[in-house]
Structure formats: structure tokens, C-alpha cells
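Engineer: pasting the sequence and the predicted coordinates here, then a few questions.
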Amino acid sequence: MTLDLSTVQAIIGIYLLCVNLLGLIYFFIDKQKAKRQSWRTPEATLFTIAIFGGSIGCLLGMYLFHHKTRKRAFYIGMPVILTVQILIVLAAVFMIPIDFSIM
């Protein structure tokens, strides 16, 4: 079985869309819970979503919902995670020869 490049790109694109949407939704839900002083989403969960590819959605959620924007770990940490992810993608694209054939 061989995966062509367009199939791999589609799979990666769908994954990134889903995980970024998840990050955006989690920031919205946590903001709503903060307003009601209800049980909150752990910060580790928000960072985990960002680390697994949802950093753009998390950053968008931070600034769209004005949530966690004053917390140093977030206003520094989320852009750092995004920067590292961009550097990893650039390294993969330009420095690593990739063969997308399986078997």
C-alpha cells in the first residue's frame, strides 16, 4: 500500500484542523466556566492540546475570548510552542528526505 503525498497532506490537514478547533473550544468552555466560578479545565490540558498541534487554536481562543492573556505561562508559553512547531515543520520539509511509501 502506498500513500501519495496528497493523501498524507489531507490527513495531516484534517488532524490539525480538528486539534486546533478543540483548542479553541476548550478555551471558550474554560472562559464560560470561569465566569460562573465553576469547575475549570486544568492548565495542563490546555497546554497538552497546544503541544499536540493545537497551538494556533489555543492562541486564537486566548485572544478571541480574552482568556488567560494575563498569565505569563500562557502569553509566553503558547507562542513558544507555536514557534517550536513551525521550526520542526520547516526542518522536516527542508532537511529530512521523506518517502511516503508503505511496504
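Structural biologist: Happy to help now that I have it.
Engineer: pLDDT score for residue 85?
Structural biologist: pLDDT recorded at residue 85 is 96.
Engineer: if you could redo that for residue 9, that was the one I meant.
Structural biologist: Residue 9 is given a pLDDT of 87.
Engineer: helix, strand or coil for it?
Structural biologist: Secondary structure state of residue 9, per DSSP: H, G, I helix; E, B strand; the rest coil, is helix.
Engineer: list the contacts for the residue nearest the centre of the chain?
Structural biologist: Centre of the chain computed as the mean C-alpha position; nearest residue by Cα atoms, centre = their mean is residue 54, 1.0 Å away. When contacts are counted by Cβ atoms under 8 Å, 6 or more residues apart in numbering, residue 54 touches 19, 20, 22, 23. No exception for glycine: its C-beta is placed from N, CA and C like everyone else's.
Engineer: all helices of this structure, in order?
Structural biologist: 5-35, 43-49, 55-64, 72-95 (DSSP state H).
Engineer: tally of neighbours for residue 28?
Structural biologist: Residue 28 has 14 neighbouring residues, counting by other Cβ atoms under 10 Å.
Engineer: can you give me the pLDDT of it?
Structural biologist: On the pLDDT scale, residue 28 gets 97.
Engineer: now do residue 102
Structural biologist: Looking at residue 102, its pLDDT reads 62.
Engineer: check residue 6 too.
Structural biologist: Here the pLDDT value assigned to residue 6 is 84.
Engineer: show me what contacts it?
Structural biologist: Counting by Cβ under 8 Å, 6+ apart, residue 6 has no contacts.
Engineer: and for residue 59?
Structural biologist: Contacts here follow Cβ under 8 Å, 6+ apart; on that basis residue 59 touches 78, 79, 82.
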